[in-house]
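>>> Just need the structure, nothing else, for what follows:
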Amino acid sequence: MCIRDRFKEYHRTIDAQNRFNAEYARIQKGVNERSEAMNRVRGMISTLAKEIKKGELPAEELENKRNEGQMLTQELRMMENGTREFTTSEKQRVAKLKASSMQGIMKEIKQKVAEHAKKQNFDFVFDKSGKNTNQVSFFIYLRDAQDITALMLKELNKFAPGAGGN
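Sure, this is the predicted structure:
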C-alpha cells in the first residue's frame, strides 16, 4: 500500500489543502496590498527627488522637500520591514497549522489501515512509498501480496461530502 499517495487522495487531505491554499492566497493578497502602498510611497519619493534635482525651489521649500523625502524614506523602510515580518509570521503560522493538520490526518489513515489489517489478520502492511533513514526506498518481496491501497482509499472516502455514504 502507498499511504502517501492515498494521503493525497483522501477527502480530508484535499479539504485541508484547499483551506491552506486559501490562507496562502490571503497572505499573498495582504502582501500585494502592502506592495501597492509601498509603490505609492516610492512614487512620492521619486517625485520629490525630481523636484529637488531641478534646483528651482527657494531654499526653505527645498529644505522642506528634503525633510519630506527623508520621512517618506523612513516610512518606506518601516513598510518593507512590516511586510517582511507579516509574510514570515503568517507563513510560519499556516505552516504549523498545516503540519499539525496533516499529521492528524496521517494518524487517522494509519489507524484505519491498522484496523483493516487486524480484521484481515495481516501480519504486515507496508507503505511501499516509504524510505529508510538514508531517504532510499526499501525493497520487499512478498509472495501472494495483496495491495489494499484502493480498498483503503474507498474506506477513507466513504464519508466524503457527496460520496453518498452519509
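
>>> the bottom helix or strand of this structure by mean pLDDT?
helix 3-9 (a mean of 65; mean pLDDT, DSSP states H and E).

>>> After it, which helix or strand is next? Please name it.
helix 11-54 (DSSP states H and E).

>>> what's stretch 96-112 in contact with?
3, 6-7, 10, 12-13, 16, 20, 23, 152, 155-156 (CB atoms under 8 Å, 6 or more residues apart in numbering). The way it works is simple: take the backbone N, C-alpha and C, and place the C-beta from them, glycine included.

>>> which one of the residues you listed sits closest to Ser89?
Nearest to Ser89 among the contacts of stretch 96-112 is Glu23, at 12.7 Å by CB to CB.

>>> how near is that closest one to Met71?
35 Å (CB to CB, to the nearest Å).

>>> What of Asn157?
58 Å.

>>> Give the residue from these two that has the larger number of neighbours.
Counted by other CB atoms under 10 Å, Asn157 and Met71 do not tie: Asn157 has more neighbours, with 16 against 11.

>>> The more buried one and Lys50: what is the separation?
With distances taken as CB to CB, Asn157 is found 62 Å from Lys50.

>>> Tell me the pLDDT of the residue located most distally from the centre of the chain.
Within the chain, the residue lying farthest from the chain centre (CA atoms, centre = their mean) is Pro58, at 53.3 Å. pLDDT recorded at Pro58 is 92.

>>> again, but for Lys110
Value listed for Lys110 in the pLDDT field: 82.

>>> Check Phe126 too.
67.

>>> Okay, now the unreliable bits of this structure?
Scanning the chain with the threshold set as pLDDT under 70 gives 1-6, 126-145, 163-166.

>>> if you set the cut-off to 90 instead, what comes out?
Counting by pLDDT under 90, the ranges of the chain that qualify are 1-13, 55-57, 102-166.

>>> which helix of it spans the most residues?
Longest helix in the chain, counting residues (DSSP state H): helix 59-119.

>>> next helix or strand past that one?
Later in the chain than helix 59-119, the nearest helix or strand by DSSP H and E is helix 149-156.

>>> counting contacts, what elements does that following helix pack onto?
helix 3-9, helix 59-119 (3 or more CB pairs under 8 Å, 6 or more residues apart in numbering; DSSP states H and E).
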